[in-house]
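Colleague: with the input below, show me the fold.
(chains A and B)
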Amino acid sequence: MTFRNGALAALVVLPTVCLALAGCGGAPTTGNSGGQTVTVYVSGDTNVKDLWQKTLIPGFQQAQPQYSVKMAFSEHGVNDVTTLAKLGAAVKTNSDPGEDLIDGDFTQAATSGWTEKVSTANVANLKNVDPKLLLPVEGGSVPYRASAVVLAYDSKTVADPPTTLDALLAWIKANPGKFTYNSPATGGSGLSFVTTVLDKYVPATDRDKMVSGYDPALNGDWDQGLRTLKDLGPSIYQHVYPNGNQNVLNLLAKGQVSIAPVWSDQALSSLASGLLPPTVKLAQISDPSFTGGPAYLTIPKTATHKAGALALANWVLEPAQQAAVAKAMSGFPVIPISQLPADVQGHFAGTDPNTLRPPYSDQTGADLNRLWQQNVPG
Amino acid sequence: MQSAKIRAALLASPPIILIALFVGLPVVSAVLYTFGHTGGMNSVVAQIAQHQYVADHWWGTVGAYRNVFATGSFWHSLLDTVLVTVCATALVLVLGGGVALYLRLSGGWLSKVVSLLAVVPLFIPVVIASYAILVFYAPDGFVGSVCQLLGWPDAPVLSYTMVGVTIGQVWVNLPLGVLLLSSAFTSVPDVLIDAARDAGAPMTRVIRSVLLPMSALPAVIVATFTAISVLGSFTVPFLIGPSAPNMLGPEMANTFGPFNQPQQAEVMAVVVFLLAVGAGVYYVRANFRASKRSGASR
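Modeller: Predicted structure coming up:
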């Protein structure tokens, strides 16, 4: 009897301890020796997820069958900070971070030296990419598509859309309840609108520092812009800022709002699929324009399947894939547009891939998110 | 005797080891981090965090606490959190108690349907329910449309308000309240009720003097569990609530991720933890008294 109870106790204890130990320090499991399983961490809205799941991953596995690709998706990038911390820890301890390739805003990882340096030596197709795009990431990430925030308006209700920021601000106040933007923490289109309004009052030299680095002492430059945004509050739809880019598009599609800042790629693909009615048009504003920039693929320095990740990054830069990205999610190509088929070139009417005004750096953006949340809503 | 004790300890050890490893250790490390201890297990998060306060005494620093407590938006969120918690808990007790009483005293098919309906939220994911509530009370939703038809175009919109959040919290927590309270009322023997009725007590007196006192412990359990789950909730306020001020759940998530201030987020978590402990004290005390009364306590 005693023995049986002891054995029972051991039976219960042992698996738990094993489980706990496995959780603490399991060795990374590699795929079979013949092929490699590349794990891609994808951060963004559902359109980016669809791009990988429906276009890039099946295409790559077919083109280079020695690799298979696994995806980890983080909606709206909510897990980015955790993933960044994990990546930093992995590089520090020289262990596998769990991801081989990251599609998301990981500039901080690149500039901290946690990522594989890329050049034409290991990613041959970078020869077609403007080297300027590699400067913000100090050569630590591969730019693979770009997008900008544009103004979407319903031509049914807005005959004469504003073309400058000042005109837009005046329009919002003159038409209360017909404009909205998502809270900056939950999506890039709202962040871009906030950034653009703040930039109106930020001196050019200070702005350069906010884009390339981080200096909390400059946050005072935003005071006037934050007050302007607060003043807009009563004119915003329902006095509330939706969560995420997609919710703004939904309000636009339902006709609840008439004008909103949106991502060019998301809006173009929604127009193509009919999620947005054809009466919705896109335009860029000026003085200043909305922000935009490239999206990067980042390879952690200590990734286990680096070869596969580099091959995938190189493959995405081929003209055929750049055209596929343009078609699937209306992403701007990072290679000269002349290398793409004519039908894809015509896709970008109303938007201009060449005038991209860069957004703030990650850390500056984090402060902006906080100050907006504390000062603007409510 | 000795070996029996060891066996008992061994049998109880798996959950204890699990909790110590996966809950206890991170909690200790997080609390140390709030006092500015950025080394050891906190070194990675400290490497990327912004506006961090690093220990300047052997025991640490209260800089992060001072920073959070000096922010007006934190106090707004805290107030909203406490108000929603109190209101939602009271509503769950009243509504859950009402349904359970109805089921106990009438017992017809209608009461069964009502109690069944009250448990339905248990089977609907919180995300879906929250989004449904948001759409239902939106200006172009069902309620708004009906008010419009009835000639009331300016009817208040509950989406993106704390009232909407409270409705969501009640929806999520009502099933547990109904289940626990109806089982409590069912366990009160009919004999007691009949005896009271025979002595001439009206139904209100039966409820007040027999049913409610005998269900005090389950009521405390319902109140505690509802309060703790509302205090720490994220999905309901995130989806239904306003941008700001909202409850501390979304505020903590924002502070941790988008604002890149994990230290301040963990300070808020400590505050929520203390509030939850406050609610938990009632539960432990009620349990202790009940077991003492029944003579099970040693």
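Colleague: which other helices and strands contact the one helix or strand B:Ala129 maps to?
Modeller: Assigned by DSSP states H and E, B:Ala129 belongs to helix B:126-136. The elements that helix B:126-136 packs onto, with contact taken as 3 or more Cβ pairs under 8 Å, 6 or more residues apart in numbering or on different chains; DSSP states H and E, are helix B:162-186, helix B:235-240. To be clear about C-beta, it is placed using only N, CA and C from the backbone, and glycine gets the same treatment.
Colleague: the first one and chain A in contact?
Modeller: Pointing back at helix B:162-186 there. No - counting by Cβ under 8 Å from any Cβ of the partner chain, chain A is not contacted by helix B:162-186; separation bottoms out at 10.8 Å.
Colleague: buried residues, stretch A:278-289. List them.
Modeller: Across stretch A:278-289, burial judged by 16 or more other Cβ atoms under 10 Å in any protein chain shown covers A:280-282, A:284-285, A:288-289.
Colleague: among these, which are in strands?
Modeller: If you go by DSSP state E, those have A:280-282 in strands.
Colleague: and of these, the nearest to chain B?
Modeller: The closest of these to chain B turns out to be A:Val280 (Cβ to the nearest Cβ; 17.8 Å).
Colleague: where's that closest one relative to A:Ala159, distance?
Modeller: Distance of A:Val280 to A:Ala159, computed by Cβ to Cβ, to the nearest Å: 14 Å.
Colleague: what's around A:Phe73, how many residues?
Modeller: A:Phe73 is flanked by 16 other residues according to other Cβ atoms under 10 Å in any protein chain shown.
Colleague: does it touch A:Val42 like I think?
Modeller: Yes - using Cβ atoms under 8 Å, A:Phe73 is in contact with A:Val42, at 5.0 Å.
Colleague: what is in contact with these two at once?
Modeller: Residues touching both A:Phe73 and A:Val42 (Cβ atoms under 8 Å, 6 or more residues apart in numbering or on different chains): A:49, A:52.
Colleague: go through the helices and strands packed on helix B:126-136 and pick out the most buried.
Modeller: Highest mean neighbour count of those: helix B:235-240, a mean of 24 (counted as mean count of other Cβ atoms under 10 Å in any protein chain shown).
Colleague: ok, is stretch A:211-222 in contact with chain B or not?
Modeller: Yes - legend: contact between stretch A:211-222 and chain B by Cβ under 8 Å from any Cβ is shown at A:Pro216.
Colleague: pull out the buried positions in that stretch.
Modeller: Buried residues in stretch A:211-222, counted by 16+ other Cβ under 10 Å: A:211, A:214, A:218-219, A:221-222.
Colleague: can you tell me the helix or strand for B:Cys87?
Modeller: helix B:72-105.
Colleague: got the angle for the helix or strand just after that helix vs helix B:162-186?
Modeller: Using DSSP H and E, the helix or strand that follows helix B:72-105 towards the C-terminus is helix B:109-119. Helix B:109-119 runs at 130 degrees relative to helix B:162-186, counting by axes from the mean of the first three to the mean of the last three Cα atoms, to 10 degrees.
Colleague: put the alpha carbons of helix B:109-119 into CSV.
Modeller: Taking C-alpha atoms only, helix B:109-119 is exported to CSV below (Å, rounded to 0.1, in the frame of the first residue of the first chain):
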residue,chain,number,x,y,z
TRP,B,109,-40.6,26.2,-17.4
LEU,B,110,-40.3,30.0,-17.8
SER,B,111,-37.8,30.1,-14.9
LYS,B,112,-35.8,27.3,-16.5
VAL,B,113,-35.6,29.3,-19.8
VAL,B,114,-34.5,32.4,-17.9
SER,B,115,-31.8,30.6,-16.0
LEU,B,116,-30.7,28.9,-19.2
LEU,B,117,-30.4,32.2,-21.0
ALA,B,118,-28.4,33.7,-18.1
VAL,B,119,-25.8,30.9,-18.6
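Colleague: next, the buried residues of that helix.
Modeller: Using 16+ other Cβ under 10 Å as the test for burial, helix B:109-119 gives B:111, B:114-115, B:118.
Colleague: tell me the mean pLDDT over the strand or helix carrying B:Lys5?
Modeller: Using DSSP H and E, B:Lys5 sits within helix B:2-19. Throughout helix B:2-19, pLDDT has a mean value of 87.
Colleague: is the following helix or strand past that helix anywhere near chain A?
Modeller: With elements assigned by DSSP H and E, the helix or strand that comes after helix B:2-19 is helix B:25-34. No - shown here: helix B:25-34 not in contact with chain A (Cβ under 8 Å from any Cβ), separated by at least 10.4 Å.
Colleague: does the next helix or strand after helix B:25-34 reach chain A?
Modeller: Next along the chain after helix B:25-34, taking DSSP H and E as the criterion, comes helix B:43-48. Yes - part of helix B:43-48 sits near chain A under the criterion Cβ under 8 Å from any Cβ, namely B:44-45, B:47-48.
Colleague: for helix B:43-48, buried residues please.
Modeller: Neighbour-count burial for helix B:43-48, counted by 16+ other Cβ under 10 Å, picks out B:44-46, B:48.
Colleague: go on, stretch B:221-230?
Modeller: Within stretch B:221-230, the residues scored as buried using 16+ other Cβ under 10 Å are B:221-230.
Colleague: surely A:Thr304 touches A:Asp100?
Modeller: Yes - if you go by Cβ under 8 Å, A:Thr304 and A:Asp100 touch, sitting 6.6 Å apart.
Colleague: of the two, give the one with the bigger neighbour count.
Modeller: Ranked by neighbour count (other Cβ under 10 Å), A:Thr304 and A:Asp100 place A:Asp100 first, with 25 against 22.
Colleague: how much space between the more buried one and A:His305?
Modeller: For A:Asp100, the distance to A:His305 equals 4 Å [Cβ to Cβ].
Colleague: ok, B:Gly257 next?
Modeller: On the measure of Cβ to Cβ, B:Gly257 and A:His305 end up 27 Å apart.
Colleague: those two: which is more packed in?
Modeller: A:His305 (24 against 21).
Colleague: report pLDDT for the residue nearest to B:Met203 when sequence neighbours are not counted.
Modeller: Nearest residue to B:Met203, sequence neighbours excluded (Cβ to Cβ, 6 or more residues apart in numbering or on different chains): B:Leu105, at 7.2 Å. Looking at B:Leu105, its pLDDT is 87.
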